[in-house]
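J.: Pasting the sequence and the predicted coordinates here, then a few questions.
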Amino acid sequence: MSVTPYKDQKSSKKEQVATMFNNISGKYDFLNRLLSLGIDVGWRKKAVRLLQDQKPKTILDIATGTADFAIEARKLNPEKIIGVDISTGMLDVGRQKIKKKGYDDLITLQEGDSEDLPFEDNSFDVVIVAFGVRNFENLEKGLADMYRVMKPGGMLSIIEFSQPQSFPFKQIYNAYFKFVLPFIGKIISKDRSAYTYLPESVEAFPYGNDFLQILTKIGYKSPQCKPLTFGISSIYMAKK
């Protein structure tokens with residue numbers, strides 16, 4: 001059964017995810033830095049470093065949110081970065097950041113469905129996603145459409161939460177994720193469901209080898225998983 005943010009609503013997961021991110025968009029960046037202790041910044045930097053050999057001219061950032069990954073990806077010196085997201089609230093925050101930093105000519109954000117991308121086949125050298133694929137309503141459909149818009153030889157890079165396995169980090173992490181994080185998230189964002197949904201969606205996500213098998217099933221070549229920070233997150237990379 002699909003995990004959704006608002007269990008009392010009958011709308012689709014996609015609609016609920018858009019509503020959730022619209023609700024928390026104004027506090028999202030602050031909460032991200034606070035709740036992750038800033039570690040997520042380093043994860044994006046590492047993911048971008050691993051893409052340097054690709055020398056991409058065109059990059060697509062799926063579920064771009066407030067554009068943190070897109071902004072970091074500018075270090076790859078592409079000609080164009082496009083970010084797509086279903087949340088207008090998150091995109092508004094992202095556009096403000098891009099304008100403030102002076103990256104308007106390089107990075108463009110647009111509303112779009114990650115499972116039905118508004119781009120032609122074989123359009124992008126690199127496709128990136130940070131903490132977005134577990135929010136897909138249909139994971140395989142989303143991954144397949146990302147494959148479609150990638151150029152042959154292109155690279156996929158996904159950062160997503162995993163589940164630590166080593167004692168005692170696993171126990172500490174689970175306690176923080178299930179109790180502390182929702183409590184702080186509710187107080188600051190005023191949306192308890194958003195930060196209750198986060199640990200639930202992570203727990204339901206097929207991480208590690210299970211996710212690599214899905215990538216292989218879709219058609220991706222040489223999928224690999226690089227665990228981050230005791231297994232809190234992972235970088236998944238694969239080629240078309």
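T.: Thanks, I have the structure now.
J.: When you work out contacts or count neighbours from here on, use the C-alpha atoms and nothing else.
T.: Noted.
J.: any low-confidence regions in this structure?
T.: For the chain, the stretches with pLDDT under 70 are 1.
J.: Do you have the strands of it handy? List them.
T.: 58-62, 80-85, 107-111, 124-130, 150-161, 221-228, 233-239 (DSSP state E).
J.: Ile159 against Ala130, yeah?
T.: Yes. The pair Ile159 and Ala130 qualifies as a contact (CA atoms under 8 Å) at a distance of 4.6 Å.
J.: So which bits of stretch 172-179 are buried?
T.: Applying a neighbour-count criterion of 16 or more other CA atoms under 10 Å, one finds Tyr173, Phe177, Lys178 buried in stretch 172-179.
J.: My guess is the second one contacts Pro199. True?
T.: Yes. Applying CA under 8 Å, one finds Phe177 in contact with Pro199, separated by 6.0 Å.
J.: Tell me where the longest helix sits in this structure.
T.: Secondary structure of the chain per DSSP state H: the longest helix is helix 13-35.
J.: That one to strand 80-85, inter-axis angle?
T.: Taking axes from the mean of the first three to the mean of the last three CA atoms, to 10 degrees, one finds that helix 13-35 is oriented at 110 degrees with respect to strand 80-85.
J.: Distance from the chain centre to helix 13-35, please.
T.: Averaged C-alpha coordinates place helix 13-35 at 12 Å from its chain's average position (CA atoms, centre = their mean, to the nearest Å).
J.: helices or strands up against it?
T.: Counting contacts by 3 or more CA pairs under 8 Å, 6 or more residues apart in numbering; DSSP states H and E, helix 13-35 packs against helix 39-49, helix 88-101, helix 181-189, helix 192-204.
J.: nearest to Ser233, of those?
T.: Nearest to Ser233 among the helices and strands packed on helix 13-35 is helix 39-49; the distance by CA to CA comes to 8.3 Å.
J.: What angle do helix 13-35 and the closest one make with each other?
T.: Using the same axes, to 10 degrees, helix 39-49 lies at 110 degrees relative to helix 13-35.
J.: Using CSV, write down the CA coordinates of helix 39-49.
T.: The C-alpha trace of helix 39-49 is given here as CSV (Å, rounded to 0.1, in the frame of the first residue of the first chain):
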residue,chain,number,x,y,z
ILE,A,39,24.7,17.1,6.5
ASP,A,40,22.5,17.1,3.4
VAL,A,41,24.6,19.9,1.9
GLY,A,42,27.6,17.6,1.8
TRP,A,43,25.6,14.8,0.2
ARG,A,44,24.7,17.0,-2.7
LYS,A,45,28.3,18.1,-3.1
LYS,A,46,29.5,14.5,-3.2
ALA,A,47,26.9,13.6,-5.8
VAL,A,48,27.9,16.4,-8.0
ARG,A,49,31.6,15.5,-7.7
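J.: excluding its backbone neighbours, what's nearest Leu117?
T.: In this structure, Leu117 finds its nearest non-sequential neighbour in Asp145, 6.7 Å apart by CA to CA, 6 or more residues apart in numbering.
J.: Please report how far that neighbour lies from Phe161.
T.: Asp145 sits 21 Å away from Phe161, going by CA to CA, to the nearest Å.
J.: Between these two, tell me which one has more neighbours.
T.: Ranked by neighbour count (other CA atoms under 10 Å), Asp145 and Phe161 place Phe161 first, with 26 against 18.
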